[in-house]
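Peer 1: need coordinates for the below:
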Amino acid sequence: MVLTEVDKCPNDCGGGEDSTVSVVEMFRCILEKTLGFVGYTIQYGCIAHCAFEYIGEVVVCSGPSMEPTIVNHDVVFSERLSRHLCKIEKGDIVIAKSPFDPHMNICKRVIGLEGDKICTSAPLDFFKTHTYVPKGHVWLEGDNLRNSTDSRSYGPIPYALIRGRVCLKLWPLDSSGTLSESPTRRISKTQSSSDSD
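Peer 2: Here you go, the predicted structure:
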């Protein structure tokens, strides 16, 4: 509806149209700023998602299973490129989805890759038992073998459950840097090298 001179309120004195226009302008300005903020939030959210999914993330570790390499409340950086490029190797520490609870992540060391022969018995057992890691799976164990629920309990896990490879310890500062080798020395040899021995 278009306002004509007749439609205006006679007591208005010209101020009513200005106040109506200013309310509309203010509403439009607020709407533009809100939509702009929502647009930037979505853009930055997408960038953050891509960074966490494809580059890496900071992880706070809890539990004793990786002691002494990683202790409770250590902060580590987990990079994702190795997982996407299928470059996870034996000896790497990885963050993976728990095979029991998909909402929980686990931090373990890769002991064997597909095709590797893994000793599943305790070090002091007289009779040794072995298993082979099936295709598309990895064998994970904690560095603290006496206090770790790992592939010795639930078997090899699918490679797809791996979220990233831990490459740096960030906190505490006195032990920050690259991570040490496995203190258990349980990393299996590759099939080709064990066949040649």
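Peer 1: Pro68 contacts Gly142, correct?
Peer 2: No: counting by C-beta atoms under 8 Å, Pro68 sits too far from Gly142 to count as a contact (11.1 Å). For glycine as for every other residue, the C-beta is placed from the backbone atoms N, C-alpha and C.
Peer 1: and the two? which has more neighbours close in?
Peer 2: Counted by other C-beta atoms under 10 Å, Pro68 and Gly142 do not tie: Gly142 has more neighbours, with 26 against 11.
Peer 1: who's in contact with that one?
Peer 2: Counting by C-beta atoms under 8 Å, 6 or more residues apart in numbering, Gly142 makes contact with 65-66, 108-109, 148-150.
Peer 1: find the nearest non-adjacent residue to it, please.
Peer 2: Ser148 (2.8 Å; C-beta to C-beta, 6 or more residues apart in numbering).
Peer 1: list phi and psi for that neighbour.
Peer 2: Note on Ser148: its backbone torsions stand at phi -140, psi 130 [degrees, to the nearest 10].
Peer 1: just Asp101 next, same as before
Peer 2: Dihedral angles of Asp101 (phi, psi; degrees, to the nearest 10) stand at phi -140, psi 110.
Peer 1: tally of neighbours for it?
Peer 2: Asp101 has 9 nearby residues by other C-beta under 10 Å.
Peer 1: what would the contacts of Gly142 look like in a markdown table with distance to Glu79?
Peer 2: Output for the contacts of Gly142, formatted as a markdown table (distance: C-beta to C-beta, whole Å):
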| residue | distance to Glu79 |
| --- | --- |
| Ser65 | 21 |
| Met66 | 17 |
| Lys108 | 16 |
| Arg109 | 16 |
| Ser148 | 23 |
| Thr149 | 25 |
| Asp150 | 22 |
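Peer 1: where does Ile106 fall, secondary structure wise?
Peer 2: For Ile106, the host element (DSSP states H and E) is strand 105-113.
Peer 1: can you give the distance of that strand from its chain's centre?
Peer 2: On the basis of C-alpha atoms, centre = their mean, to the nearest Å, strand 105-113 sits 14 Å off its chain's mean C-alpha point.
Peer 1: so what are the sheet partners of it and their directions?
Peer 2: If you go by DSSP bridges, strand 105-113 pairs up with strand 93-97 (antiparallel), strand 137-141 (antiparallel).
Peer 1: just those strands: most buried one?
Peer 2: strand 137-141 (a mean of 25; mean count of other C-beta atoms under 10 Å).
Peer 1: and the helix or strand following it, what's buried?
Peer 2: Once the chain leaves strand 137-141, the next helix or strand it forms, by DSSP H and E, is helix 151-154. Buried positions in helix 151-154, judged by neighbour count with 16 or more other C-beta atoms under 10 Å: 151-152.
Peer 1: can you give me the strands in the protein?
Peer 2: 56-60, 75-79, 93-97, 105-113, 117-119, 130-132, 137-141, 157-158, 162-171 (DSSP state E).
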